[in-house]
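J.: Here you go, sequence then predicted model.
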Amino acid sequence: MLFASALFGLAPVSSSQSAADPPIDVRAVQGHTISDDVVVTARDLWSTRRYRYTIFFAGRPVVVRLPDAPNSFVIVTLAPGAYEPCTVVVKLEPGRTTPLTATVTIQASRAYADLPRLEDIETAARWAELSRTLIDSGISETTWRRIPAERRAGLLNIYAKLSRETVAGRPIAAFVRKITVIKPERIFAEVDPRLLELVRSARDRFHVVSSALHGVDGWTMVRHDGSFKTNDEQGNLQLTLAYDADGRLVADIDIDDHSGIRHAWDVLKHIVTRTETHPFDIHEILITTQNLDPGYQLMPRRAQ
C-alpha cells in the first residue's frame, strides 16, 4: 500500500523511480521490519526540493523516492505512526544505490506487550531464577495473568538486568528470595542477607548513590553504602537495601533510564510530577544500548 502526497509538489512515488532511489528498511529494536504507516520526508541539503509521502511498511523494506540531485546529500526523516521518528542522511552518487537501515524505538503510549505465560517462564532456561522466585513468592498462573501488563513487563526488564549483573561469580537474580511488590518501574523483594556485603565489594561494577525516593514505610534503610547503581550510561540497575520490621534484608530494585546529571534531573521530575519511566521505554533502552533482550516483544497498538 503506497501513497503519494500532494504536498510540496510531489510526483507519485510509484512512477519515474530514479536508479539512485534506495530501499529503506525501518526496523524495531529487536531486528524485525516494522508494519506501520511511515511518513517520509526527503529534502535535498543544498536546495528547497522536498518530497513528502506516506508509505505502509508491511514487514519488508520499501524503495523510497528521493529528490533527483546527483552528487548531493539528502536528509530523510522517517516518522512511523507508533514509533519515534528518526533522520538519516543519504549521499546520492550516480549509478550507485545504497540500501539503508533505520532502527526506531516504539512509543510507549502506542504499544502493547506480547508477554510470556508463566508456563513459558517455568520451562525456559533463561528464566530459571525468575521461575524459582515466582514460585517462592506464591505467584501462580492465574495470579500472573492478573498482574497488569506494564508491571509484568517491568519485572521482566529488571530480571533481565539482575541475570546479567553478577557478584561473587553468580547472577544477582540468584540472591532474590521472594518478591513482595511488583510495580511498573520497580520491585520490592526479600534478598539473601549476604547480598549487601557482596555488592559493597563489587566496586568495579557498582558505585554508591543516594537512596532518595527509594524504600517503603516500615523499612530501616542502610545508612551508609546502602544504595548502589551499575556503571551503565543508560539502563542502570539500582539496588537500595534496607531491613524490614522482622530484620530481613530487603531491596528496592529498579532500572534508571540514564545516569549522572540527567538522572538528577529525572529525580526532580519524579518528585514534581510523580511520574516514572515507562517500562516499555526501559525495554527499548536495554536492547539498543546493552543488547539485552528482556524476553518480550512490543507491538504497535492499532488505532481503533
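T.: All right, it came through fine. On a predicted model such as this, the values are computed, not experimentally measured, just so you know. Numbers count the residues shown, from 1 in each chain.

J.: Doesn't Phe57 belong to a strand?
T.: Yes: under DSSP: H, G, I helix; E, B strand; the rest coil, Phe57 falls within a strand.

J.: neighbours of it, just the number please.
T.: Number of residues near Phe57 (other Cβ atoms under 10 Å) recorded here: 20. Every C-beta, even on glycine, is put in place using the N, C-alpha and C of the backbone.

J.: following the worst-scoring helix or strand of the chain on mean pLDDT, which helix or strand comes up?
T.: One helix or strand of the chain scores below all others by mean pLDDT, DSSP states H and E: helix 260-273, with a mean of 43. Counting by DSSP states H and E, the next helix or strand C-terminal to helix 260-273 is helix 279-290.

J.: contact partners of that following helix?
T.: By Cβ atoms under 8 Å, 6 or more residues apart in numbering, the surrounding residues in contact with helix 279-290 are 29-30, 103, 105-106, 108, 111, 113, 150-151, 153-154, 157, 160-161, 164, 184-185, 232-235, 255, 257, 292-294, 296, 298.

J.: Pull out the buried residues from that helix.
T.: Going by neighbour count (16 or more other Cβ atoms under 10 Å), the buried part of helix 279-290 is 279-287, 290.

J.: same check, this time on stretch 135-143
T.: For stretch 135-143, burial by neighbour count (16+ other Cβ under 10 Å) applies to 137, 139.

J.: what distance separates that stretch from the centre of its chain?
T.: 26 Å (Cα atoms, centre = their mean, to the nearest Å).

J.: Let me see the contact set for Arg117.
T.: Contact partners of Arg117, counting by Cβ under 8 Å, 6+ apart, are 141, 144-145.

J.: no, scratch that, I was asking about Leu249
T.: So Leu249 contacts 190-193, 195-196, 241-243 (Cβ under 8 Å, 6+ apart).

J.: Max pairwise distance over those residues: which two?
T.: Based on Cβ to Cβ, the longest span within the contacts of Leu249 runs between Asp192 and Ala242 and measures 14.3 Å.

J.: What residue, apart from its backbone neighbours, is nearest Val167 spatially?
T.: Closest residue to Val167 apart from its sequence neighbours, by Cβ to Cβ, 6 or more residues apart in numbering: Leu198 at 4.1 Å.

J.: helices or strands next to the strand or helix carrying that neighbour in the packing?
T.: Leu198 belongs to helix 195-201 when assigned by DSSP H and E. Judged by 3 or more Cβ pairs under 8 Å, 6 or more residues apart in numbering; DSSP states H and E, helix 195-201 is in contact with strand 166-167, strand 234-243, strand 249-258.
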